[in-house]
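# What would the 3D arrangement of this be:
(2 chains)
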Amino acid sequence: MMNFNFNISELIFVMPELFLLAAISSILLFDLYIKEQFKKFTYHLSQLALLITGLLAFNLIGESATIFSGTFVLDTLGSTFKVFIAGFSIIALVYSRHYLSVHGLLRNEYYILALMSILGMLVMVSGHSLLTLYLGLEIMSLSLYALIATARDRAFAIEAALKYFVLGAIASGLLLYGMSMIYGITGNLDIAQIASFASLVTLEPQETLILNFGLVFLVIGVAFKLGAVPFHMWVPDVYQGSPTSVTMFLSTVPKIAAVALLVRLLIDGLSDFQHYWADLFMILAVLSIAVGSLVALTQVNIKRMLAYSTISHIGFVLLGFVTGVLEGYGSAIFYVFVYILMSLAAFGSIIVLNRSGFEADQISDFRGLSKHSPWFALIMLAVMLSMAGVPPFIGFYSKLFILQQVVSEGYVILAVIAVIFAVISAYYYLQIIKTMYFDDADKEIVISAPLDLKAVLSINGALILIIGLIPSYWMNLSVSLF
Amino acid sequence: MDSLLSILIWLPIIGGSSVLLIGNERSLIAKWISVGISILVFILSINLFLDFDTSTSAMQFVEKTSWISQFNIFYHLGVDGISMPLIILTTFSTILVIIAGWEVIQNRVADYMAAFLIMEGIIIGVFSAMDSMLYYVFWEAALIPMLLIIGVWGGQNRVYAAIKFFLYTFLGSVFMLVSLIYMYNLGDSFAISDMHSLPLTLAQQSWIFWAFFLAFAVKVPMFPVHTWLPDAHVQAPTGGSVILAAIMLKMGGYGFFRFSLPITPDASSYFAFVVIVLSLIAIVYIGFVALVQKDMKKLIAYSSISHMGFVTLGVFALFSIMKMDSSGELLSIAGASIESAYLGLEGAMIQMVSHGFISAAMFLVVGVLYDRLHSREISTYGGVVNSMPKFTGFAVLFAMANAGLPGTSGFVGEFMVILGALQANFWYAFLAAMTLIVGAAYTLWMVKRVFWGAVNNPEVSTLSDINAREFGILAILAAAVLWLGVYPQPVIEAMHVSIANLLEQALTTKIPGIL
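Residues are numbered from 1 along each chain as shown, chains lettered A, B, ... in the order given. Next up, the predicted model:
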């Protein structure tokens, strides 16, 4: 009886997940039985569910507990991540709806699947056992595969879904293999137990070897999910093939979950092996920044270009983890949040150009935008400069923070390499600006986006400048998570 | 006014943003508001000069509030005798370009005016920032409006020029960013004054020196990283060229004064010879390059590079004139007088201000011709004096100033630098003085081919002389050129104490152990 009571009180700490699960189930049923003319409310209900989930998570900030026999952890990092996941997802869904409706893809399963993948992310963020982490990862990934395939009459989308599925399955397999090694040597799935095993000074050389062996596969699994070079092959094809709204979703919110996976496995679990995984990350980071910057130069499809740009941003995030100090991890988290904010605005600006029968996905579709729609051109200008790391936009501060941490840990050469590639990558961001401002439009640009999309995109764009002028709060917040 | 500098920075930025909102359809309102804001900012900036205390090298009009607490970064503004003249030069030039674009710019007028106003605020920020990260933010942000000005309102090949301009300067400055971060990690402060007093070994100083050098040399621009400038100038609209030459290049020169000399004094002294050689190459070789140009704007662009060579020469000649002995006494090398070190540095400052006036005037002169015949080729013209006598009067005056005629501002700065350099080394002065010949050659030859001689082109004879607006702008500039040429004393007085302080900083070693 005691035990049962205890469990009931523990449920408070999983309120966001429980609520979201209940909401998904009800929305699914609602959508099944409701009349055709009320179907549009599924969208509003989904947004409401996300909003409440975010508020519930926000309410839990400051609480910390490890529950369900150590398989689920609640800490400030987890709750804050959940708030950001819910918040960014709300923005992403606002942008998505316009795209889906003009291209006839608006089916309500879309929202259900998106919510389902968000549920997976929430579980991942709080996973405190190899099992929970893997469970969350699979809930997220399977929903995402299906999400891409919702555009079932587009060959590219099916190809992207299949590619993502096959490569994602390989990544999951590698991750599982690493987990089995870790489990085999530690005899535990619990992250805390693994951590205490790894910190033993009496580790046999063989035990260290096997832990290291497992560690490499964990790093590969995480790198796959983040899309770091050389595990990035799926990124450009999936980004290009998926419907733009799904690309936007893929490139933003799941990155938070992937970083959470990294934090739980490597920082919470194997921080005693930090110098091993930091070396691996250093290679991944430099390769990602280099490949992401160089290959993006030749792209004409803006989604593909943004895919490579994402790869190079992920390189910067990994640099933050290379430092091995808490502030450095904080800088990486800050970079992820900033990257998502910029990425949402970039994809939002692409979606705003979409209209019935017109799929905007080429860089040339932006031609002359500054004349037809100065405001959205200005937003895209801010986003591109921010991604290039030009002050006063927010992207500069995230790079500054990472570089400061990298230099303070003595990796000046890494910082120099990073800034050189930042200059190279500035070239392709400038190409977008050139297309919008210096070229004349060769075809009519009609903005048919609804008001809510325009308003949210405007706020999103403004934040890129405003947080750039007063970044202090967000930097402190990111560092305080550790 | 306690927040004068903040007003000078944010009034044009906010004003420019509201001009943006007025929109291109209501261009007349946008123009009047822009000119109103720019004049207001100029009048406010005069207060900097009037209330300036010339007896101290300490920062004045200081404002300081915490900005990014994570890194101890402050919103910290202030001016001394080195930055104050440059701020007034900025506010002055902005009025000119806004009026100069009055009728010429027909396309997206409000955007054009807004870009210049926003850039004015940002550049004032560059000159008044006392925190190196605040400085860097303004420094990079200044690229954005200039990129758009060249790219949107530029000539045929504007896209190439705009992107080249941006990438060149961006590449130069990211290394500065890394070295600023490096020094932050040593001294736990981004404040420029803390960096001034940060002990650094010669090896550290050398790396930092070259990182700074790359950033500032690209901006000045010095040989051999000058190649973006002719492209940018030729393609930019007249207003863009004026701001680029009159102010943006000064950001590089200012960087040497504010960062290189005080932060890396030993490395500056160690590598001074390299910088001097590059400056002399710029002065002489680029002067010859200017001689063979067919395009007037390109000619003036090369002449700018050549004249900016005097700035870097004047700054770095210092290390061949003076040194400091172990007891902290300033000693002269090889019988030079202490005054000659001042001559070099103050001459460099005067040269920056004077070049701001003269290059602005020269680009406006070309702009006047270009507006009428849409050609920058020297060969299109000839005998312009016949149809445009008033205009020719101004043009010849500015050409003389560009050639360094005594009585104009061009003479003062160059002569001071040459005198200073003479104390350092006869050959420095000899080569630098070559410019008086080469400069006169390319400038006067251009004047001869454009303004005098027979009218080859029938269109030239139909040219109308300058209108009241153009006359006003050129007359103001002519007055400025002559005033600085005849009576530079107020400017020299304003900067003298700050220069003395800088001189001491530049000659005090920062190497731990010797310190």
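# going forward, measure contacts and count neighbours with C-alpha atoms only.
Fine.
# Can you name the residue of the stretch 201-350 of chain A nearest to chain B?
residue A:327 (10.1 Å; Cα to the nearest Cα).
# Skip the chain neighbours and tell me the closest residue to that residue.
Closest residue to residue A:327 apart from its sequence neighbours, by Cα to Cα, 6 or more residues apart in numbering or on different chains: residue A:479 at 5.6 Å.
# try residue B:169
residue B:218 (6.2 Å).
# Ok, residue A:450 next?
residue A:98 (7.1 Å).
# Would you agree the one you found is in contact with residue A:349?
No: contact criterion Cα atoms under 8 Å: residue A:98 and residue A:349 do not qualify, at 11.8 Å.
# Check the spacing between the residue nearest to residue A:327 and residue A:330 real quick.
4 Å (Cα to Cα, to the nearest Å).
# what comes up buried for stretch B:92-108?
B:92-102, B:105, B:108 (16 or more other Cα atoms under 10 Å in any protein chain shown).
# okay if I get the residues you listed as a markdown table plus pLDDT and distance to chain A?
Shown next, in a markdown table, are the buried residues of stretch B:92-108 (pLDDT from 0 to 100; distance: Cα to the nearest Cα, whole Å):
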| residue | pLDDT | distance to chain A |
| --- | --- | --- |
| B:92 | 92 | 25 |
| B:93 | 92 | 24 |
| B:94 | 92 | 22 |
| B:95 | 92 | 25 |
| B:96 | 90 | 25 |
| B:97 | 91 | 21 |
| B:98 | 91 | 21 |
| B:99 | 89 | 24 |
| B:100 | 87 | 22 |
| B:101 | 85 | 19 |
| B:102 | 85 | 21 |
| B:105 | 83 | 16 |
| B:108 | 87 | 9 |
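# near chain A at all, stretch B:143-162?
Yes: under the criterion of Cα under 8 Å from any Cα of the partner chain, chain A is reached by stretch B:143-162 at B:148, B:151, B:152, B:159.
# quick check, nearest of these to residue A:431?
Lowest distance from residue A:431 to these (Cα to Cα) belongs to residue B:159, with 9.5 Å.
# Secondary structure element holding the residue of the stretch 151-300 of chain B found nearest chain A?
Ranking the residues of the stretch 151-300 of chain B by distance to chain A (Cα to the nearest Cα) places residue B:152 first, at 5.2 Å. Assigned by DSSP states H and E, residue B:152 belongs to helix B:143-153.
# Export that helix to PDB, keeping only CA atoms.
The C-alpha coordinates for helix B:143-153 follow below in PDB (Å, rounded to 0.1, in the frame of the first residue of the first chain):
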ATOM      1  CA  LEU B 143      29.300  46.000 -43.100                       C
ATOM      2  CA  ILE B 144      25.600  45.200 -43.500                       C
ATOM      3  CA  PRO B 145      24.300  48.600 -44.600                       C
ATOM      4  CA  MET B 146      27.300  49.100 -46.800                       C
ATOM      5  CA  LEU B 147      26.800  45.700 -48.400                       C
ATOM      6  CA  LEU B 148      23.200  46.600 -49.300                       C
ATOM      7  CA  ILE B 149      24.200  50.100 -50.500                       C
ATOM      8  CA  ILE B 150      26.700  48.700 -53.000                       C
ATOM      9  CA  GLY B 151      24.600  45.800 -54.000                       C
ATOM     10  CA  VAL B 152      21.200  47.500 -54.400                       C
ATOM     11  CA  TRP B 153      22.200  50.900 -55.700                       C
END
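# same for the helix or strand that comes right after that helix, what does it pack against?
Counting by DSSP H and E, the next helix or strand C-terminal to helix B:143-153 is helix B:158-187. Contact partners of helix B:158-187 among helices and strands, from 3 or more Cα pairs under 8 Å, 6 or more residues apart in numbering or on different chains; DSSP states H and E: helix A:394-408, helix A:412-433, helix B:132-141, helix B:143-153, helix B:192-196, helix B:202-219, helix B:228-235.
# Give the buried residues for helix B:158-187.
Under 16+ other Cα under 10 Å, the buried positions of helix B:158-187 are B:158-185.
# before we move on, back to that, tilt between the strand or helix carrying the residue nearest to residue A:327 and helix A:394-408?
Here residue A:479 sits within helix A:472-480, counting by DSSP H and E. Going by axes from the mean of the first three to the mean of the last three Cα atoms, to 10 degrees, helix A:472-480 is angled at 40 degrees with respect to helix A:394-408.
# which residues sit in contact with the closest residue to chain B within the stretch 51-200 of chain A?
Across the stretch 51-200 of chain A, no residue is closer to chain B than residue A:77, which sits at 18.8 Å (Cα to the nearest Cα). Residues near residue A:77 by Cα atoms under 8 Å, 6 or more residues apart in numbering or on different chains: A:481, A:482.
# what about it, which helix or strand?
With DSSP H and E as the criterion, residue A:77 is inside helix A:76-102.
# Share the number of residues neighbouring the spatially closest residue to residue B:76 that is not a sequence neighbour, please.
Nearest residue to residue B:76, sequence neighbours excluded (Cα to Cα, 6+ apart): residue B:64, at 4.3 Å. Using other Cα atoms under 10 Å in any protein chain shown, residue B:64 is surrounded by 13 other residues.
# swap in residue B:53?
16.
# Pretty sure it sits in a helix.
No: counting by DSSP: H, G, I helix; E, B strand; the rest coil, residue B:53 falls outside a helix, being coil.
# circling back to that earlier point, per-residue pLDDT, the residue nearest to residue A:327?
With respect to pLDDT, residue A:479 has a value of 87.
# Same question for residue A:204.
In this model, residue A:204 carries a pLDDT of 85.
# can you count the residues close to it?
For residue A:204, using other Cα under 10 Å, the count is 9.
# Please tell me how far it sits from residue A:325.
Going from residue A:204 to residue A:325 by Cα to Cα gives 27 Å.
# does residue A:207 count as helix, strand or coil?
Classified using three-state DSSP, residue A:207 is helix.
# from the middle of its chain, how far away would the helix or strand hosting the residue nearest to residue B:76 be?
Using DSSP H and E, residue B:64 falls within strand B:60-68. What separates the centre of strand B:60-68 from the centre of its chain is 25 Å, taken as Cα atoms, centre = their mean, to the nearest Å.
# Direction included, what does it pair up with?
Its sheet considered, strand B:60-68 pairs with strand B:73-79 (antiparallel) by DSSP bridges.
# From the centroid of chain B, which residue is nearest?
residue B:250 (2.4 Å; Cα atoms, centre = their mean).
# pLDDT of whichever strand or helix holds residue B:431, averaged?
According to DSSP H and E, residue B:431 maps onto helix B:426-451. Mean pLDDT, helix B:426-451: 87.
# So residue A:479 and residue A:330 - more neighbours on which side?
Neighbour count, other Cα under 10 Å: between residue A:479 and residue A:330, residue A:330 has more, with 24 against 19.
# ok, and the closest non-adjacent residue to the residue of the stretch 251-400 of chain A found nearest chain B?
Closest approach between the stretch 251-400 of chain A and chain B, counting by Cα to the nearest Cα: residue A:391, at 5.2 Å. Closest residue to residue A:391 apart from its sequence neighbours, by Cα to Cα, 6+ apart: residue B:137 at 5.2 Å.
# How much space separates the closest residue to residue A:16 other than its chain neighbours from residue B:291?
Counting by Cα to Cα, 6+ apart, the nearest residue to residue A:16 once its immediate chain neighbours are dropped is residue A:53, at 4.9 Å. Between residue A:53 and residue B:291 the computed distance is 72 Å (Cα to Cα).
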